[in-house]
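Enquirer: Dropping the sequence and predicted coords here.
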Amino acid sequence: MKMLSFLGETPTIALQNAQKECGSEAVVISTKKISSKDKHSENMYEITIALEEEYDNKRPIPKKKIVAKQSNNKNVDVQFYDFKDQIVNMQESLDKVQKTLWEPKSQLYDLNIPPEFIDIYTLFEENEFDQEMTYSILKKTIEQLPVSMKSNPIKINNFFKLILRRIIAVKHEIPLRTHQRKIMMFVGPTGVGKTTTIAKLAARYAYKLGTNYKVGIITLDSFRVGAVEQLKAYTNIMRLPLEVVKRPEELSEAIARLKDCHYILIDTAGGSQYDMDKIELINQYQQHLTETPIEKMLVLPANVKTTDLYEIYNSYSSLHIHNLIFTKLDETISYGNLISFAHKTKKSICYISVGQNVPDDLHEADSNYLIDCFMNRHVS
């Protein structure tokens, strides 16, 4: 937008001068009276008009000054003002101010974010990090971070990475001893990738850890069409034993047949988190193994809303979940909800899945990896 000023002995004359030069496109911004210091001279009127950018392409506008004729044949220098840069700078400043304010819906709008923390605050928001935790982290950081560090973006980023590293709950693999055995049951709703995750873990334990552990797989999923066939395809390729169990009382017998295995991975039927009958059926299976320790792994998709994560967790919590596995990290750009969810539920993340390839797209949970995902907003 261009802004010009024109003078005239009356407001009408000033407007006529403007319209002669700029046409009817001119929009009057202000009109003011300019009093003359000479008592014998008449007062003048100044009109400021605005022109859209498109006008420049249709008609050239002098860049320094315009000379307008008065009725007394004197020339009056009319100064040209270009406010485009000032308007752009003002808009950028307003955008920065807006970023520093908490949305009223968060009920945490009493915190004013310093300009140095705007980028970090925006990153937390974009990653859907829990707002209560975001507020607590930023408030403590603003109060405690030394002034010398606040002016250095690299030090600010490193400081927040340190905070995230302390928050992220991960559980690392512990190699099994020669005669040790571990039984893991995988639960979660339909479509989260339980069966594919089990295949990835089976390949990992059997072939990728340096020690070729014996691995057996049990499936309780006789409801989903093709579920058993899918696991059979994987176990045939990897030459691993597969047990199909259709009734709760058969589970202990299947485990007994796999007594030589170091790892026994149990697949369960998926369903809606609101289908409590399916969840109760899983509970009946594990009740037949009261003397056998089983680690329950809740498999969750990374690409769902935070509220859905809590709905799933609340439904499956009756099974006494031990740890978490997150899948589909490659299908989202928000990772703060994973970190804050694990922290608030006090459950550790064991593994993360970043694609469909078996066995490559599965990693042991690592805080540095998750922080990189958080900072870059994509999987490494």
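Expert: That came through, no problem. Numbers count the residues shown, from 1 in each chain.
Enquirer: From residue 89, how far out is residue 3?
Expert: 15 Å (CB to CB, to the nearest Å). Quick note: C-beta positions are derived from backbone N, CA and C, even for glycine.
Enquirer: Give me the more crowded residue out of the two.
Expert: residue 3 (18 against 10; other CB atoms under 10 Å).
Enquirer: secondary structure class for the more buried one?
Expert: What DSSP: H, G, I helix; E, B strand; the rest coil gives for residue 3 is strand.
Enquirer: Likewise for residue 23?
Expert: helix.
Enquirer: Okay, it and residue 286: tell me how far apart.
Expert: According to CB to CB, residue 23 stands 82 Å off from residue 286.
Enquirer: Tell me which of the two has more neighbours.
Expert: Neighbour comparison, residue 23 and residue 286: the larger count goes to residue 286, with 19 against 12 (by other CB under 10 Å).
Enquirer: so what's the more buried one closest to, chain neighbours aside?
Expert: Among residues not flanking residue 286 along the chain, residue 294 sits closest, at 6.1 Å (CB to CB, 6 or more residues apart in numbering).
Enquirer: which residues touch that neighbour?
Expert: Residue 294 makes contacts with 183-185, 266, 286, as judged by CB atoms under 8 Å, 6 or more residues apart in numbering.
Enquirer: rerun that using 7 Å as the cut-off
Expert: 183, 185, 286 (CB atoms under 7 Å, 6 or more residues apart in numbering).
Enquirer: how about CSV for the residues you listed, with pLDDT added?
Expert: CSV is the format used below for the contacts of residue 294 (pLDDT from 0 to 100):
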residue, pLDDT
183, 95
185, 96
286, 85
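Enquirer: and which of those residues is nearest residue 17?
Expert: The shortest separation between residue 17 and any of the contacts of residue 294 is 85.5 Å, and it belongs to residue 185 (by CB to CB).
Enquirer: Assign that closest one to helix, strand or coil.
Expert: Following three-state DSSP, we place residue 185 in the strand state.
Enquirer: Just give the closest residue to it, not the sequence neighbours.
Expert: residue 266 (4.3 Å).
Enquirer: Can you give me the separation between the one you found and residue 118?
Expert: On the measure of CB to CB, residue 266 and residue 118 end up 48 Å apart.
Enquirer: What is the neighbour count of the closest residue in space to residue 348 that isn't next to it in sequence?
Expert: In space, and not counting its chain neighbours, residue 348 is closest to residue 171: 3.8 Å by CB to CB, 6+ apart. Residue 171: 16 surrounding residues under other CB under 10 Å.
Enquirer: My guess is residue 171 contacts residue 323. True?
Expert: Yes - counting by CB atoms under 7 Å, residue 171 touches residue 323, with 5.6 Å between them.
Enquirer: For the two, list the residues in contact with both.
Expert: 348, 350.
Enquirer: my read: residue 248 touches residue 283, true?
Expert: No - Residue 248 is beyond contact range of residue 283, at 9.3 Å (criterion: CB under 7 Å).
Enquirer: Sketch out the strands for the stretch 251-380 of the chain, chain order is fine.
Expert: For the stretch 251-380 of the chain, applying DSSP state E, counting those that start in this stretch gives strands covering 263-267, 295-301, 323-327, 348-353, 362-364.
Enquirer: what bits of the stretch 151-300 of the chain have low per-residue confidence?
Expert: Residue ranges of the stretch 151-300 of the chain with pLDDT under 70: 223-225.
Enquirer: what's the offset of stretch 299-315 from the middle of its chain?
Expert: 15 Å (CA atoms, centre = their mean, to the nearest Å).
Enquirer: Quick check: beta-bridge partners of residue 187?
Expert: Counting by DSSP bridges, residue 187 is bridged to residue 298.
Enquirer: so what's it up against?
Expert: Applying CB under 7 Å, 6+ apart to residue 187 gives the contacts 268, 282, 296, 298, 316, 319.
Enquirer: just these now: which is nearest residue 44?
Expert: Nearest member of the contacts of residue 187 to residue 44, counting by CB to CB, is residue 298, at 78.7 Å.
Enquirer: Residue 188 is in contact with the closest one, correct?
Expert: Yes - contact criterion CB under 7 Å: residue 298 and residue 188 qualify, at 5.7 Å.
Enquirer: Now do the shared contacts for those two.
Expert: With contacts defined as CB under 7 Å, 6+ apart, no residue is shared by residue 298 and residue 188.
Enquirer: pLDDT score assigned to residue 44?
Expert: The pLDDT attached to residue 44 in the predicted structure is 80.
Enquirer: quick one, helices of the stretch 151-300 of the chain?
Expert: 153-167, 194-203, 227-238, 251-257, 276-287 (DSSP state H, counting those that start in this stretch).
Enquirer: Redo the ones you listed as JSON lines? Include distance to residue 179.
Expert: Formatted as JSON lines, the helices of the stretch 151-300 of the chain follow (distance: least, CB to CB, whole Å):
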{"stretch": "helix 153-167", "distance to residue 179": "35"}
{"stretch": "helix 194-203", "distance to residue 179": "20"}
{"stretch": "helix 227-238", "distance to residue 179": "23"}
{"stretch": "helix 251-257", "distance to residue 179": "16"}
{"stretch": "helix 276-287", "distance to residue 179": "24"}
